[in-house]
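# Structure for the following, please:
(chains A, B and C)
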Amino acid sequence: MTAGVGRPRRLPVSFFARDATVVAPELLHKVLRVGSGAGAIDARIVEVEAYTQDDPASHSWRGETARNAVMFGPPGRLYVYFVYGMHHCVNIVTGARGDGQAVLVRAAVIDGVDPRRSNGPGKLTVALGVDRTHDGVRANVLDDGTPVPMATVTPRVGITKAVDWLRRWEAAWPSDGSARAGS
DNA sequence: AATCTGATCGTG
DNA sequence: ACGATCAGATTA
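Below you'll find the predicted structure:
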């Protein structure tokens, strides 16, 4: 409806240099752009989870390793990991450099893609063509003026620790189904 | 070196 | 409810 007000602006690193629990809900209905030019894919984020270093469910809980190093690096980068022998998941690094935290992007709306092909973290990376080669690359997140939507807050999915922490935010899917950031 | 464990997904 | 499938972390 009122999506696409104003020209989209790329969120600055300072946006991500805050706590994951603050950044995560603000990422709802922002647009994650992967690739550039004609091959770019825009995904309007509708579901996220926050992971911090003091969180037993977080990859950063036991400190920095080769796999999670990007989580401890500068904010605003993609942290991509491989799990269950077959799935990639994409996160956006938040917080100060040296603080291991990130926001997992679990679902997004992609223009022209069946929502059932982008409504889970593993499926989303397939739809976006994201894999470990994207680990550490600068995230391209656009704010097209769409207001931060109302969100439901619930426990996170698929974890066995901190199971009652309310760190998952889910927004209603855009009624027009559009993932376009505007032009 | 051996074992365990997944920030998942599709199928039964 | 369960199996697929394997990299990374942990333990010895």
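
# Please identify the residues of chain A in proximity to DNA strand B?
Contact residues, chain A versus DNA strand B (CB under 7 Å from any atom of the strand): A:49, A:51, A:57-60, A:68, A:71, A:79, A:83-87, A:89, A:91, A:102, A:104, A:120-124, A:156-161. Quick note: C-beta positions are derived from backbone N, CA and C, even for glycine.

# can we see that at 6 Å?
Proximity of chain A to DNA strand B (CB under 6 Å from any atom of the strand) is limited to residues A:51, A:58-59, A:83-85, A:87, A:89, A:91, A:102, A:104, A:120-123, A:157-160.

# Could you tell me which of these are located in strands?
Taking DSSP state E, the ones among the residues of chain A next to DNA strand B that sit in strands are A:51, A:83, A:87, A:89, A:91, A:102, A:104.

# which residues does the last one form a beta bridge with?
Using DSSP bridges, the bridge partners assigned to residue A:104 are residue A:49, residue A:91.

# quick one: contacts for it?
Residue A:104 makes contact with A:48, A:49, A:50, A:51, A:89, A:90, A:91, A:121 under the criterion CB atoms under 8 Å, 6 or more residues apart in numbering.

# re earlier: next, format the ones in strands among the residues of chain A next to DNA strand B as TSV and append pLDDT and distance to DNA strand C.
Formatted as TSV, those follow (pLDDT from 0 to 100; distance: CB to the nearest atom of the strand, whole Å):
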residue	pLDDT	distance to DNA strand C
A:51	98	14
A:83	98	7
A:87	98	8
A:89	98	13
A:91	98	14
A:102	98	14
A:104	98	16
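
# List buried residues within the residues you listed.
Buried members of these, counted by 16 or more other CB atoms under 10 Å: A:51, A:89, A:91, A:102, A:104.

# Quick one: neighbours of residue A:66, just the number.
With neighbours defined by other CB atoms under 10 Å, the count for residue A:66 comes to 5.

# SS state for it?
coil (DSSP: H, G, I helix; E, B strand; the rest coil).

# Same question for the one 4 residues further on.
Assigned with three-state DSSP, residue A:70 falls in the helix class.
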